[in-house]
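Undergrad: I'll drop the sequence and a predicted model, then ask my questions.
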Protein chains: 2
Amino acid sequence: MASDASAEPRAWEQVLQHIERRLLDGELAPGDRLPGERVLAAELGVGRSSVREALRVLEVLGLIRTHAGSGPTAGAIIIATPGGGMSALMRLQVAANGFPVADIVAMRLVLEASVADGLAAASALVPQTDAPDLEPADRLLDAMDAPDLAPAEFLALDAAFHLALAEASGNQVITATMAGLRSGIEGYARAGLATIADWHATSDRLRGEHRGVVAAIRAADAASARSRMHDHIAGYYAETFIDPAPAPARTPPSR
Amino acid sequence: MASDASAEPRAWEQVLQHIERRLLDGELAPGDRLPGERVLAAELGVGRSSVREALRVLEVLGLIRTHAGSGPTAGAIIIATPGGGMSALMRLQVAANGFPVADIVAMRLVLEASVADGLAAASALVPQTDAPDLEPADRLLDAMDAPDLAPAEFLALDAAFHLALAEASGNQVITATMAGLRSGIEGYARAGLATIADWHATSDRLRGEHRGVVAAIRAADAASARSRMHDHIAGYYAETFIDPAPAPARTPPSR
DNA sequence: GGTTCGGTGTGGTCCGACCACACGTGGTAA
DNA sequence: TTACCACGTGTGGTCGGACCACACCGAACC
């Protein structure tokens, strides 16, 4: 499955594998600086172009961050930013019709409902220090109460609210995935705003649903939190979806 | 959030944005061939190296496939392979400690349970043609009954079985994510095999659990399918987990 | 002592060159 | 006429060199 059986040791792939191995061996960890591109090229016996191609991949995947210049902040530094790569992946896959928007929404439904469920269950924990931190979500909900909020601003706060809930769950993978899913359908969400007839009524309803979800979480009512979240998201998409057609008959990519 | 506000028009990023825009505009679709690297470079006024860096990213993300030579199969062809990029992302993020293994397992739990739940619900559909196709999963289960199966082979079939269920759900995003999650913890799963004392008993139990899940799906018993799947996965990881320590105090990547 | 001005090493980019590869095509031989 | 083979051509893959902007850092200067 790893596509390394026998065939293609392309130069940039060697670089990627080398770095991955050093990561797995613990020789490289977040915060460390990678050797310079020229050094890396010499060490691996490849050209600098190939090293750069591998570094570019790592950068897009959120593995490293590069800065020019000198000093401790310069060079390629390992940062395991979970969300970055996921967003790029989702966005581009959607653009290329690899990920149907409906499937993204469906998965978001599953994930958000589970997060709400899990948060409610965790809220019942006896040591309150172990209970999830809903403060950031609360602050976002308060911000959304501002009366003169433009739809786009509301949408951004809404996205941040859902992301805050995911973060409260403590699961970095779910958080990153959620951020990625949202990036993938961001364009559709923006376009969907135009289809809403009465924005005032809709935003009021959304505000109420948000509060209801958080209240259910705080009440440790897992079933209610799950269903409220589910209905909240499903309802919104049912209202704003631009293109209900799931998948037009397109030529299969095939080989 | 999209990090495009004002600052960095790095050359390779321009190429990426150009291609993404053409995808969104429908000028490029799966199956199409991208212009040659030299042509693309000339069109965008950047060097070929920058074009290649962008293409490398697209390739790792599963957006394109490149072939040298001539003819209709040569060049960079757009393929929206959903799973490829996800696997690379998960694998590298795990390697860099960006994704805790425990979080991946937790998310897998959520996803698999939901898939089982959804499949069971869909099995109740009246037009049987719309019911999920469990044939591939059945075949894999039969293959797992072979008595002389090495643990590693069993593990591969097990992974394929779970993936087949995801595919049966028809959700490409969930399928790709599932494949990615598995790639991320593949190393741990392999290592976990060594910790199993009585492989014969364990594999027998797994076989039974698999059959039970499929039976519950066929019976359209969503609750049972969900809980069986949940217990199946949770139980397995509880048995084989190598490093139960969730996250050692590591230096924050930060900036 | 404080300030300034190069040196130095970093990534970012471009260019030119060469290679392996695979398809087409045209000439050639049967 | 037909089958075969060799070469041309365009593709990605790779390398090396060159130059740039940048940021630090230290030495020289005021």
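TA: Thanks, I have the structure now.
Undergrad: Okay, helices next: where are they in chain A?
TA: Remark: helices assigned in chain A by DSSP state H are A:11-24, A:37-44, A:48-60, A:82-95, A:101-123, A:135-143, A:151-168, A:172-184, A:186-193, A:199-218, A:222-240.
Undergrad: so who does A:Asn171 touch?
TA: A:Val115, B:Asp103, B:Ala106, B:Met107 (Cβ atoms under 8 Å, 6 or more residues apart in numbering or on different chains). For every residue, glycine as well, the C-beta is placed using N, CA and C.
Undergrad: Could you check how far it is from DNA strand D?
TA: 35 Å (Cβ to the nearest atom of the strand, to the nearest Å).
Undergrad: Give the burial count for A:Gln14, as a bare number.
TA: Using other Cβ atoms under 10 Å in any protein chain shown, A:Gln14 has 16 neighbouring residues.
Undergrad: Would you mind measuring from it to chain B?
TA: Distance of A:Gln14 to chain B, computed by Cβ to the nearest Cβ, to the nearest Å: 13 Å.
Undergrad: cool, and A:Gly235?
TA: 19 Å.
Undergrad: Quickly note the distance from A:Tyr237 to DNA strand D.
TA: For A:Tyr237, the distance to DNA strand D equals 38 Å [Cβ to the nearest atom of the strand].
Undergrad: And the pLDDT for that residue?
TA: Note on A:Tyr237: pLDDT of 85.
Undergrad: A:Arg108 now?
TA: For A:Arg108, the model assigns a pLDDT of 96.
Undergrad: same check, this time on A:Arg52
TA: Looking at A:Arg52, its pLDDT is 98.
Undergrad: what does A:Pro127 give?
TA: The confidence metric pLDDT takes the value 67 at A:Pro127.
Undergrad: Please save the CA atoms from stretch A:114-123 in CSV.
TA: Output in CSV follows, covering the C-alpha atoms of stretch A:114-123 (Å, rounded to 0.1, in the frame of the first residue of the first chain):
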residue,chain,number,x,y,z
SER,A,114,-20.0,12.6,17.8
VAL,A,115,-18.1,15.5,19.1
ALA,A,116,-21.3,16.9,20.8
ASP,A,117,-22.0,13.5,22.1
GLY,A,118,-18.5,13.1,23.5
LEU,A,119,-18.4,16.5,25.0
ALA,A,120,-21.7,15.9,26.8
ALA,A,121,-20.4,12.7,28.2
ALA,A,122,-17.2,14.3,29.3
SER,A,123,-19.1,17.1,31.0
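Undergrad: sorry, back to before: redo the helices of chain A as TSV? Include distance to DNA strand C.
TA: Below are the helices of chain A laid out as TSV (distance: least, Cβ to the nearest atom of the strand, whole Å):
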stretch	distance to DNA strand C
helix A:11-24	12
helix A:37-44	4
helix A:48-60	5
helix A:82-95	15
helix A:101-123	30
helix A:135-143	32
helix A:151-168	27
helix A:172-184	22
helix A:186-193	25
helix A:199-218	40
helix A:222-240	37
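Undergrad: Now tell me which helix or strand of chain A has the poorest mean pLDDT.
TA: Lowest on mean pLDDT, DSSP states H and E among the helices and strands of chain A sits helix A:186-193, with a mean of 89.
Undergrad: What is the burial count for A:Asp133?
TA: By other Cβ under 10 Å, 13 other residues sit near A:Asp133.
Undergrad: A:Ala176 versus that one, what's the distance?
TA: Per Cβ to Cβ, to the nearest Å, A:Asp133 is found 18 Å from A:Ala176.
Undergrad: quick one on the thing from earlier: redo the helices of chain A as TSV? Include distance to A:Ala68.
TA: Output for the helices of chain A, formatted as TSV (distance: least, Cβ to Cβ, whole Å):
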stretch	distance to A:Ala68
helix A:11-24	20
helix A:37-44	11
helix A:48-60	13
helix A:82-95	19
helix A:101-123	36
helix A:135-143	34
helix A:151-168	31
helix A:172-184	27
helix A:186-193	30
helix A:199-218	43
helix A:222-240	42
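Undergrad: how about A:Asn171, phi and psi?
TA: phi -90, psi 110 (degrees, to the nearest 10).
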